[in-house]
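Student: Sequence and predicted structure below; questions after.
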Amino acid sequence: MTDSKYFTTTKKGEIFELKAELNSDKKEKKKEAVKKVIASMTVGKDVSALFPDVVNCMQTDNLELKKLVYLYLMNYAKSQPDMAIMAVNTFVKDCEDLNPLIRALAVRTMGCIRVDKITEYLCEPLRKCLKDEDPYVRKTAAVCVAKLHDINAQLVEDQGFLDTLKDLISDSNPMVVANAVAALSEIAESHPNSNLLDLNPQTINKLLTALNECTEWGQIFILDCLASYLPRDDRESQSICERVTPRLSHANSAVVLSAVKVLMKFMEMLPKDLDYYGTLLKKLAPPLVTLLSAEPELQYVALRNINLIVQKRPEILKHEMKVFFVKYNDPIYVKLEKLDIMIRLASQANIAQVLAELKEYATEVDVDFVRKAVRAIGRCAIKVEQSAERCVSTLLDLIQTKVNYVVQEAIVVIKDIFRKYPNKYESVIATLCENLDSLDEPEARAAMIWIVGEYAERIDNADELLESFLEGFHDESTQVQLQLLTAIVKLFLKKPTETQELVQQVLSLATQDSDNPDLRDRGYIYWRLLSTDPVAAKEVVLAEKPLISEETDLIEPTLLEELICHIGTLASVYHKPPSAFVEGSRGVQHKRLPPRAGSGESTESPDVGQSGPSEAPPAVIPSQGDLLGDLLNLDLAPPTATVPSVQPSMQMGAMDLLGGGLDSLLGGDIGGSPSMGAGLGAAPAAMPASLGSAPAVGGGLGDLFDLGGGVGMPTGSYVAPKTVWLLAMKAKGLEISGTFARRGGIIQMDLSLTNKAMSVMTDFAIQFNRNSFGLAPAGPLQVLTPLSPNQTIDVSLPLSTSGPVMKMEPLNNLQVAVKNNIDVFYFSCQYPLSLLFVEDGKMDRQVFLATWKDIPNDNEAQFQIKDIHLNSDVASNKLQGSNIFTIAKRTVEGQDMLYQSVKLTNGIWVLAEMRIQTGNPNYTLSIKCRAPEVCPFVYQCYELVLKN
């Protein structure tokens, strides 16, 4: 009979009966009773009253009974900690049992009992088990250390268990090695800055040896650990790849994906002209293709990972297009994911095949799939220019089918094709206008309205078409209303005499009858533009539009790099970094790909034992969008419509209120430039003797006190005097002046608040708009006492750099909102970039030289710093106070040359060469950076520091 009988009893007095059975002398009866207790516990009944009786059953040689009792203990020890101590002696005894299975079972159970009182008794048995002769016991004890660390980290460190774990990495048994790696990785996650997994070539060799003989889960642990290692050079990288490659043919898909992750990371370090690089690309394709023959759920996970791989290295699967063709019985989630990858792999070579396939999909019955297929045709047209004409004719054929949702999707994608290829396919507009009445989805209606407004001069009855939409203006969605407003204004600017009445009607509807703030604001802007300066209105509204990019849905490069490091995990399925969905106190580390081969850059892997700090990835600064949409989002009552006042003295660029001219992303290379670390093993490039032998400035106590130059090094960085940021007349009597400082690694905004009004001011709060480097208040504005008339209070506000990011003009512009009990006030100020220079910005000399060579010469900017009467040592010390570090100094023909590095809070590195000619008060400064926009602001910092 099966064990199901234990789950069927529900009679009264059961606990009493069980108690009697548990204390029976007959072994079989005892075992039956414990099974009944476990069954009751499993279905949710409270059987904690039987705790002492069940614990008494531990004294047995029967392994099955012991397992059941241990299971019970794990469940109830938390609620009965005092009782649980009764079991400790048995645990200690079992840890010395002759049977290794019982020793392992005891140590495993002790690790699962999360009771503080028991943990101290666990140490001695655990120490013995970690050095047990049987590998099964050692591998169980290794995992137990991680569990114990979770309960009491300090205890584990004091007892020296971490060192024992590290020793287990050299164990002769591969499963012990795998579990030791798993335990150390788990512990390292909660201590991101600890150097637990001290990976070096010898350790890596041991891990690779164990890899061949492990179980599949052991292999995954080892592969994940290998992925966090940073090889010294491309030869070591190739050697590891060669030994990991056989894992690609493993039957377990998790092992395959972990191996792919390691190879994708280490391929970064292989030169592309290497024969092995091409071989590796070919070897990566078959295992990925094989994953697609698994069941649908696994296929989906594989496809999400392939989506990332294809974005990083499309050449791996460029010949495998047919694998991604949709099968009739694929679930919808697999179909949609395959479509996405098909578009990513589409190229001139295979576009005919892809289009034929997509046209077939567009006649399917699944509505969501058909919509995505129609969109895919449009994306192909945008991606492969040679196919655009064929794509447009395919879309027109689909429009002729008159299937409502197909027509609507086709119109949406044709709008994008018009934007990509202006003045090429406008002949199809007449066909589109025929289908106007059938459009009922907001996106399709908005697209059609955009087409009519944009090409109004080519459509005879454009005003009638737009007027037909205007009849139900208030019933339309916001998207359609905004598009309609813009289209009618465009029409008016093209045909002013015929459409004056129409434009007044729409402006009236948008501003007076609408309660949508976005619509109202846009209406008012158009109204004022048209009434004050029609020429400017024409320049703004009918401006040349930037061509849309071919891949608008690509994952941002920095995020893609991080996701590649998480292949085979949940992050690769969500396409989000772990920090976006993992909650809790554990520090989620940002992982980065190693530097590209030949770039000479160095990067720190969080788990790698290198000197120098580990860095988060540089933040890519997005472009400045619609400023109206970004006005400070304070949740205040009553709502305020104040626009941030921009002081002329701040020299801000003209505010792009319509968000029409989107700036290009700051430095396309920022995302991909890995942060530099210090002290990597092998030099990436040969050093010239002159630079190699030069002593680094600031290299010892003598330099610290500048004994040679006789001038003491300034403490801390230069702080500019306070300037008035907000005038009292603009802020109802509140005057704000301030400056910025960096003290002890903390950015601070020093404010002086002066009350020039007649009433007391209270309830102060502050908020920043999105800005180039993510500056945001690290806490509330601490104004502890009311601000009386004519009183001034000085406040220091600590800032963080973890706020939302948006490129500003100029780059160091900061828009601030300050609230008090009277109103909300806005002002702009500019901060010196030296505020963002971090303390660990001293680059290794060899890395400096290789990086200087690697940054394109186009990114170099030269500046003159005039009227400086300092020698090179004093200048170097002065700059070091502001975290501008001198890497090396050399003298050539009486000219001192200082080589310097600076690192910004978002991981961007700036390299500089400063030339100082004896007797010449003018310095020449050359600055190189992957984000050249930063250079003028770094120059300003040099000038500020050296002149003050």
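Tutor: Yep, that arrived. Numbering: from 1, shown residues only.

Student: quick one: stretch 379-395 to chain centroid distance?
Tutor: Between the mean C-alpha location of stretch 379-395 and the chain-wide mean there is a distance of 33 Å, by Cα atoms, centre = their mean, to the nearest Å.

Student: and that stretch, which residues are buried?
Tutor: Counting neighbours by 16 or more other Cβ atoms under 10 Å, one finds that the buried residues in stretch 379-395 are 379-384, 387-388, 390-392, 394-395. Just so you know, the C-beta spots here come from the backbone N, C-alpha and C atoms, and that holds for glycine as well.

Student: gap between the two ends of it?
Tutor: Taking Cα to Cα, to the nearest Å as the measure, stretch 379-395 stretches 12 Å from start to finish.

Student: average pLDDT for it?
Tutor: Across stretch 379-395, pLDDT averages out at 86.

Student: what does it contact?
Tutor: Counting contacts by Cβ atoms under 8 Å, 6 or more residues apart in numbering, the residues outside stretch 379-395 that touch it are 343, 346-348, 351-352, 354-355, 358-359, 374, 377-378, 410, 413-414, 416-417, 420-421, 424-425, 428, 548, 550-551.

Student: Filter these down to the buried ones and express that as a PyMOL selection.
Tutor: Only the buried members of the contacts of stretch 379-395 enter the following PyMOL selection, criterion being 16+ other Cβ under 10 Å:
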select buried, resi 343+346+347+351+354+355+358+359+374+377+378+410+413+414+416+417+420+421+425+428
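
Student: give me the number of residues near residue 101?
Tutor: Using other Cβ atoms under 10 Å, residue 101 is surrounded by 15 other residues.

Student: for the host helix or strand of it, packing partners?
Tutor: Secondary structure assigned from DSSP states H and E places residue 101 in helix 100-112. For helix 100-112, the packing partners by 3 or more Cβ pairs under 8 Å, 6 or more residues apart in numbering; DSSP states H and E come out as helix 63-76, helix 88-94, helix 116-130, helix 135-151.

Student: got the buried residues of stretch 379-395 as a markdown table, with distance to residue 78 columns?
Tutor: Rendered in a markdown table, the data for the buried residues of stretch 379-395 read as follows (distance: Cβ to Cβ, whole Å):
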| residue | distance to residue 78 |
| --- | --- |
| 379 | 55 |
| 380 | 59 |
| 381 | 62 |
| 382 | 59 |
| 383 | 57 |
| 384 | 61 |
| 387 | 64 |
| 388 | 66 |
| 390 | 67 |
| 391 | 63 |
| 392 | 67 |
| 394 | 64 |
| 395 | 63 |
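
Student: of those, closest to residue 854?
Tutor: Checking the buried residues of stretch 379-395 against residue 854 by Cβ to Cβ gives residue 383 as the nearest, at 30.0 Å.

Student: Could you tell me how far the closest one is located from residue 305?
Tutor: 22 Å (Cβ to Cβ, to the nearest Å).

Student: likewise residue 335?
Tutor: Counting by Cβ to Cβ, the gap from residue 335 to residue 305 is 17 Å.

Student: With residue 14 instead?
Tutor: From residue 14 over to residue 305 the distance is 51 Å, taken as Cβ to Cβ.

Student: So what's the residue count around residue 422?
Tutor: Burial of residue 422, expressed as a neighbour count using other Cβ under 10 Å, amounts to 12.

Student: ugh, wrong one, residue 16
Tutor: Each residue near residue 16 was counted by other Cβ under 10 Å, and the total is 10.

Student: ditto for residue 768
Tutor: 18.

Student: Likewise for residue 73?
Tutor: Residue neighbour count, defined by other Cβ under 10 Å, stands at 23 for residue 73.
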